[in-house]
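Engineer: sharing a model that was predicted from the sequence below.
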Amino acid sequence: MAGDTGHTAHAPFTSRALEIIRAIPRGKVSSYGQVAAMAGHPGSARQVVRILHTLSDSAHLPWHRVINILGGISLPEGGGLELQKRLLESEGVKVSKDGRIDLDRHAWSPR
DNA sequence: GCCATGGCTAGTA
DNA sequence: GCCATGGCTAGTA
């Protein structure tokens, strides 16, 4: 297609959300709502969920760095929870026994 | 129609 | 717990 950059074409919000997710550094986490707000659509957290769900495999995303606003992992047991926890811990993010991440310590606040 | 949310409320302790 | 929210996409015509 004309103008194709070599990347899959995405809608503007999706492209921005993808960039933001890719920018989350190791050892830090963000929330669905934070990514949505940074992409210019506060309140569209569920859209970020959908993006992660459908594009994590193909888009080279650090998907495990996105958690819910409570500091918890939203993936279900047997459906990725364990993997996400393991990936986070491998980057130095401690996940407590009740599945919580210390946001004071690990929340990403870009500058 | 999808989706791995988030914010608010009722109802308990 | 409940349920309103919302940009996008698959799939049909």
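Structural biologist: Thanks, I have it. Numbers count the residues shown, from 1 in each chain, chains lettered A, B, ... in the order given.
Engineer: please report phi then psi for the closest residue to residue A:14 other than its chain neighbours.
Structural biologist: Nearest non-adjacent residue to residue A:14, counting by Cβ to Cβ, 6 or more residues apart in numbering: residue A:51, 5.8 Å away. C-beta: built from backbone N, CA, C; applies to glycine. When read as degrees, to the nearest 10, the backbone of residue A:51 gives phi -60, psi -50.
Engineer: tell me, how many residues neighbour residue A:51?
Structural biologist: Neighbourhood size, residue A:51 [other Cβ atoms under 10 Å]: 27.
Engineer: do residue A:13 as well
Structural biologist: By other Cβ under 10 Å, 16 other residues sit near residue A:13.
Engineer: all strands for chain A, in order.
Structural biologist: With strands called from DSSP state E, chain A shows them at A:30-31, A:66-67.
Engineer: just want the most central residue of chain A.
Structural biologist: residue A:66 (2.9 Å; Cα atoms, centre = their mean).
Engineer: which residues touch that residue?
Structural biologist: By Cβ atoms under 8 Å, 6 or more residues apart in numbering, residue A:66 lies in contact with A:21, A:24, A:29, A:30, A:31, A:32, A:35, A:48, A:52.
Engineer: would you confirm that residue A:31 contacts residue A:67?
Structural biologist: Yes: counting by Cβ atoms under 8 Å, residue A:31 touches residue A:67, with 6.1 Å between them.
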